[in-house]
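Participant: heads up, no residue letters with this:
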């Protein structure tokens, strides 16, 4: 089987081993299965135009207004927001045109059986290529952001019309990440037949299930803190939806009362400068550490070292970061959403805080810091829950591979 992937995101978004595991691990499993796999994506500054990664042939292409190569700084003024919107639209347009041209160039030689569109941004060139090359089309949706939640807002639908219209494309399957954003319900609303929707949780890197007894001492030595310190961890993108700002607000009171506590924030994003400024203003620099984007091994080390993991997401928290914290057996504090309640139970294997009561986070974290027995019980229970419901990436991908093989056999 030959698979041609078209993505607006590199296979590792921030360098090898750093980024979105749900992009890399599936490609690796396809290659291990013996499939011929090409991955077409934008060129990042300093990267080679062509390489092979664990059997996956990666083709990178450049185009005008390529955000992966050029960084455009915004100051959030009215004029700058207009400029940002213009640049974003130019980025989208040139990606569509250049992606189609490059995809056709590769596809005519490669002759793929299946074309994968990664994210809604890649749908239209992938669809046109699938028609030209007579290939099957899979649309892989990693998240639908607020598309479902803000459907009733007319102006939001106008603003995001491209992403909504992507669901109208006649694909063979929509494989949508079950991350709590109700992408399956959005697809149905847009007219996608039930039988074409696969709403699956991401897999996990099962190395996170293994304990690392030296992790805490290594992290403490690296940060120059006492090995007796209690550690709060957050491993997510620094965007408003993930609520790192709410975590920091809660820490003002928590860290003032608990001098032996530190918070490690691993991730990057548009909120980073604002969050760092908040930490400085509240004199928390000696207890809050921003590590930026780190590799997979480092994420595992941070989680193994942590006493509490926190994600106060506004809309969705069925994310890779929560699954990894579950697998590592961490005491988890997160938002109570309808989707997470299918996975976690409040005070049984995690602490869930209602979205309109995030001001209670400080009290909850303080309680957990000072109650080792409760932390340990929640941690043990959540790891048991992880083993019960979460699949390793090879097991998760076995379902997807079976789906592709059935599709190709049906066509033949």
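Facilitator: Arrived safely. On a predicted model such as this, the values are computed, not experimentally measured, just so you know.
Participant: quick one: residues contacting the nearest residue to residue 128 once chain neighbours are set aside.
Facilitator: Excluding the flanking residues, the one nearest residue 128 by C-beta to C-beta, 6 or more residues apart in numbering is residue 100, at 5.9 Å. Every residue, glycine included, has its C-beta placed from N, CA and C. Going by C-beta atoms under 8 Å, 6 or more residues apart in numbering, residue 100 touches 125, 128, 129.
Participant: any idea which helix or strand comes after the top helix by length along the chain?
Facilitator: Counting residues, the longest helix found in the chain (DSSP state H) is helix 78-110. Downstream of helix 78-110, the first helix or strand assigned by DSSP states H and E is strand 114-118.
Participant: hey, where'd the helices end up in the stretch 1-150 of the chain?
Facilitator: All helices of the stretch 1-150 of the chain, identified by DSSP state H, counting those that start in this stretch, fall at 21-32, 78-110, 123-133.
Participant: tally of neighbours for the nearest residue to residue 126 once chain neighbours are set aside?
Facilitator: Distances taken as C-beta to C-beta, 6+ apart put residue 117 closest to residue 126, at 3.5 Å, once the chain neighbours are dropped. Residues lying near residue 117 (other C-beta atoms under 10 Å) number 28.
Participant: residue 374 too?
Facilitator: The burial count assigned to residue 374 is 14, neighbours taken as other C-beta under 10 Å.
Participant: what of residue 222?
Facilitator: 13.
Participant: so for it, what's the pLDDT?
Facilitator: At residue 222, the pLDDT value in this model is 94.
Participant: surely it is in a helix?
Facilitator: Yes - using DSSP: H, G, I helix; E, B strand; the rest coil, the assignment for residue 222 is a helix.
Participant: how many other residues sit next to residue 349?
Facilitator: Number of residues near residue 349 (other C-beta under 10 Å) recorded here: 22.
Participant: what residues are up against it?
Facilitator: Shown in contact with residue 349 (C-beta under 8 Å, 6+ apart): 332, 378, 381, 382, 384, 385.
Participant: using CSV, lay out those residues together with secondary structure.
Facilitator: What follows is those, written out as CSV (three-state DSSP):
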residue, secondary structure
332, strand
378, helix
381, helix
382, helix
384, helix
385, helix
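Participant: ChimeraX command for the buried members of these?
Facilitator: A single ChimeraX command selects the buried members of the contacts of residue 349 (16 or more other C-beta atoms under 10 Å):
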select :332,378,381,382,385
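Participant: between the contacts of residue 349, which is nearest residue 14?
Facilitator: residue 332 (24.6 Å; C-beta to C-beta).
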